[in-house]
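K.L.:
just coords:
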């Protein structure tokens, strides 16, 4: 099977999985407890790494950009630069990549192990749909958690940038804050929230698909875990470009 | 009318229901000319057989001969390319997901390694089906205890699957499969990798189900010891309600246990264990004596 055929086949299967998730949402049983458990694992569990990522990304942005801004005498716009790049791009993308690494791998490894130890077959034999019981709660939890995690990353990124600007370059905090506020439009916030919703679907679908399609025993679990992280990370970055382009035309923003 | 002639009646639209659903004559499981292939590899080729109520069908065969595929087809985890499958007289070959879920509720499945849910305790594993059906917790507890008593594992109720030995995992798997009193129990190599005494315990559970609970079952195995136990021993209850196992001896032959052997997706033998031992097919002889081809 060549690469294109394989890609199209996987695309078809992932689309079918999404369709089954959507169909399952309409009917009972809905596993609310499972959704809450997954939100705890995905959302609360990832908060630490996401906050750290956001904080230091904001910091490094100012660290690198400030000398150039100073050269042009535009130090007062430092906050605006951080806000725009963080809220529009870096916040959603880096959060999604961190979550793909942490959560995507764990979803894929867990489902993959369940496949190779016949637990998925057992579930079906006991009259439960693995899509409803395992896939839907994970995707719904990602859909809700990822935008919230992104907001946390954005916030701590701005704080990190502010601390670096103030402590290293001596920029006045009020100047930084007012620059952030001036440089953030409602469009930025909408774009920054819409993107992670799509990223959540991408990470959830790909990780669950890779986990459920595991073959070849424990070695296969390792392979599908790696693939889940790599493939979902790549698709997050590709989707980010197209989403940015789409949001640019829909929101008609001048900042892009 | 002999059992043979009753089994081989001809009908184009599903098995006839004789004397209601619980008749011993109506097959509980019936395969009619079932074919299945993955790409160019033939898995099952024209497989037809029946399992009557209360009967245990032992399916023998080497690795990769399509034994487990039969079980997956009964559960609807796989669909045949051709042919028909009937469960309790209902054609399940091409039913939708909702009907499949309904049919699976009457089937218990025991997996090779137990396939217990790692994240759930023994109690929650056994109670799984009842929890899914939102049954009242008092009733769940009563049923779980009853099943764990059946497999003699009441003490393990609060343990996690990781704390159990291989044999205990299979017994919990059996308890989980029996919740909801299924008409049919499918065993997929339940004794693989177990020491002989533990393997015997598993076989005794299957015999108890067959002779005392009147459950129909398919017992997939490649171990001749299992055949020996299942086809030559039977369980009886004494006046106190205790279970005893007795040998069929030379004068009796258990009619509720059939043997079927598969090779390359085809049934090469179907009959009793006595007939199997007297078969003159070289493959069967080598299989019985445990020698490689």
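P.N.:
Done, it's in. Computed from a prediction, not measured in an experiment: that's the story for all the values here.

K.L.:
Flag every residue of chain A that's near chain B.
P.N.:
Residues of chain A lying close to chain B by CB under 8 Å from any CB of the partner chain are A:29, A:113-114, A:117-119, A:121-129. Where C-beta positions appear, they are placed from N, C-alpha and C, glycine not excepted.

K.L.:
what does chain B put close to chain A?
P.N.:
Residues of chain B lying near chain A (CB under 8 Å from any CB): B:72, B:75, B:77, B:97, B:101-102, B:104-105, B:107, B:109, B:111-113, B:115-118, B:128-129, B:132, B:176.

K.L.:
follow-up on the earlier one: just the buried ones from the residues of chain A next to chain B, in PyMOL syntax?
P.N.:
Selection of the buried residues among the residues of chain A next to chain B in PyMOL, burial being defined by 16 or more other CB atoms under 10 Å in any protein chain shown:
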select buried, chain A and resi 113+114+117+118+119+121+122+123+124+125+126+127+128+129
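
K.L.:
Closest one of the residues of chain A next to chain B to residue A:136?
P.N.:
Nearest to residue A:136 among those, counting by CB to CB, is residue A:129 at 9.0 Å.

K.L.:
The closest one contacts residue B:97, doesn't it?
P.N.:
Yes: counting by CB atoms under 8 Å, residue B:97 is a contact partner of residue A:129 at 7.3 Å.

K.L.:
Among the residues of chain A next to chain B, which lie within strands?
P.N.:
Using DSSP state E, no member of those falls in strands.

K.L.:
three-state assignment of residue B:34?
P.N.:
Applying DSSP: H, G, I helix; E, B strand; the rest coil to residue B:34 yields a three-state assignment of strand.

K.L.:
For the nearest residue in space to it that is not next to it in sequence, give me its contacts.
P.N.:
Leaving out its chain neighbours, the residue that sits closest to residue B:34 by CB to CB, 6 or more residues apart in numbering or on different chains is residue B:83, at 3.6 Å. Applying CB atoms under 8 Å, 6 or more residues apart in numbering or on different chains, we find residue B:83 in contact with B:31, B:32, B:33, B:34, B:35, B:46, B:47, B:48, B:93.

K.L.:
Which pair of those residues spans the longest distance?
P.N.:
Pairwise distances across the contacts of residue B:83 peak at 15.0 Å for B:46 and B:93 (criterion: CB to CB).

K.L.:
pLDDT below threshold where in chain B?
P.N.:
Counting by pLDDT under 70, chain B has low-confidence residues at B:1-25, B:250-254, B:291-293.

K.L.:
Okay, helices next: where are they in it?
P.N.:
Here chain B has its helices, by DSSP state H, at B:3-7, B:67-75, B:97-104, B:122-126, B:128-132, B:137-150, B:166-178, B:196-211, B:224-232, B:273-277, B:282-289.

K.L.:
how close does residue A:201 get to residue A:133?
P.N.:
Separation of residue A:201 from residue A:133 (CB to CB, to the nearest Å): 19 Å.

K.L.:
just residue B:177 next, same as before
P.N.:
For residue B:177, the distance to residue A:133 (CB to CB) stands at 18 Å.

K.L.:
for stretch A:220-236, which positions count as buried?
P.N.:
Residues A:220, A:221, A:224, A:225, A:227, A:228, A:229, A:231, A:232, A:233, A:235, A:236 are the ones in stretch A:220-236 that count as buried (16+ other CB under 10 Å).

K.L.:
Could you let me know which of those ends up closest to residue A:106?
P.N.:
residue A:225 (8.5 Å).

K.L.:
okay but the closest one is in contact with residue A:112, surely?
P.N.:
Yes: if you go by CB under 8 Å, residue A:225 and residue A:112 touch, sitting 6.6 Å apart.

K.L.:
residues touching residue 145, list them.
P.N.:
Since no chain was named, I'll use chain A. Counting by CB under 8 Å, 6+ apart, residue A:145 has contacts A:39, A:42, A:43, A:46, A:99, A:200.

K.L.:
Hmm, no, I was thinking of chain B.
P.N.:
Applying CB under 8 Å, 6+ apart, the residues near residue B:145 are B:154, B:157.
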